[in-house]
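In: Generate coordinates for the sequence data below:
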Amino acid sequence: MFQAVFSLPLWAVVLVLNTWLVGFALAGAWTFRRWVLPRLDIGDEADLFYGAAVMQSAMMLYALVAALTAVSVWNRYSEAAEVVSGEATAIARMWRDLGSYPQPERQAMQDSLRAYTVQVIDVAWPLHRKGKTPREGVVLINRLQEQLYAYKPAAATQGILHAEALAAYNNLVVNRNKRLDAADDALPGVMWFVLLPGAMGCVALSFFFRIRDARYQYILAGGLASFVAMVLFVIVALDHPFRGVMSISPESYELIRDQLMRP
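Out: Reported below is the predicted structural model:
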């Protein structure tokens, strides 16, 4: 159920998180004022000081966990973007290296590389955005490898160029494997059991203060809940690098296909 949130538009994610947490804050504050606080003997400075200290400690701990999680998610998102750029760069480099091969080997290898690039754009990326792992590309990448290994350079200069093409191919394979791994990478489920109930717990601690004006308490509780919801929004938006509106696009591959691989 929660996985469906990652496919929603950003405005819908903001709306869902704020509705859930701000709604909980307002309903909880009203419930506590009506039913809980009248039954608790809270009033002197020691009670208020202790309540404030507990709430501050909980908020600091939750803020630390949320901040570290947001930084970790952003780093993982940036690494996935670098992997995509690295794979696209390897494809472009290899395409140029193959341009120096004699015919008919050059045409056959470039056709295989073009087919792989098109497969990444038209097949792999839609599967990434659905949270699935593409498997068709391995056939194309293996065919290209067979063609490279079967080629025998006839001169020393051709051998140097062939070595460069093999290096680009190996770099392509490494970045492809990293991309497939990054597509399945996400926060462990146990972290969401800390982040989501933790957000509600931090907001709930603010209910234990006797505020004379109910409107004032509702504004503060709702504002606190909204700020926490926006932190969760950042984590949700960046948790899956290849899903949702913030997902990494295949633009790097499309530029190579449209500009470098034109017939």
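In: Show me where the chain has its helices.
Out: Assigned by DSSP state H, the helices in the chain fall at 10-31, 45-98, 105-119, 125-129, 137-150, 156-183, 189-205, 214-239, 251-255.
In: phi, psi of the closest residue to Gly159 other than its chain neighbours?
Out: Using Cβ to Cβ, 6 or more residues apart in numbering and skipping the chain neighbours, the partner closest in space to Gly159 is Pro153 (4.0 Å). Placement of C-beta: from N, CA and C, glycine included. Main-chain dihedrals, Pro153, degrees, to the nearest 10: phi -60, psi 140.
In: Check Phe209 too.
Out: phi -100, psi 130.
In: so what's it up against?
Out: Leu48, Gly51, Ala52, Gln217 (Cβ atoms under 8 Å, 6 or more residues apart in numbering).
In: Most neighbours of all the residues you listed, which one?
Out: Gln217 (21 neighbours; other Cβ atoms under 10 Å).
In: what's the spacing between the closest residue to that one other than its chain neighbours and Ala29?
Out: Spatial nearest neighbour of Gln217, chain neighbours left out: Ile211 (3.9 Å); criterion: Cβ to Cβ, 6+ apart. For Ile211, the distance to Ala29 (Cβ to Cβ, to the nearest Å) stands at 9 Å.
In: Comparing those two, which shows the higher neighbour count?
Out: Ranked by neighbour count (other Cβ under 10 Å), Ile211 and Ala29 place Ala29 first, with 25 against 17.
In: Tell me who's in contact with that one.
Out: By Cβ under 8 Å, 6+ apart, the residues touching Ala29 are Ser206, Phe207, Ala214, Gln217, Tyr218, Ala221.
In: Count the neighbours of the first one for me.
Out: Same thing as Ser206. 20.
In: which ones are touching it?
Out: Contacts for Ser206 were tallied using Cβ under 8 Å, 6+ apart; they are Ala25, Ala29, Met55, Gln217, Leu220, Ala221, Leu224.
In: Tell me who's in contact with the first one.
Out: Put plainly, it is Ala25. Val203, Ser206, Tyr218, Ala221, Gly222, Leu224, Ala225.
In: Where is pLDDT lowest across the residues you listed?
Out: Least confident of those in the model: Ser206, at 90.
In: how close does that residue sit to Gln119?
Out: Distance from Ser206 to Gln119, by Cβ to Cβ: 53 Å.
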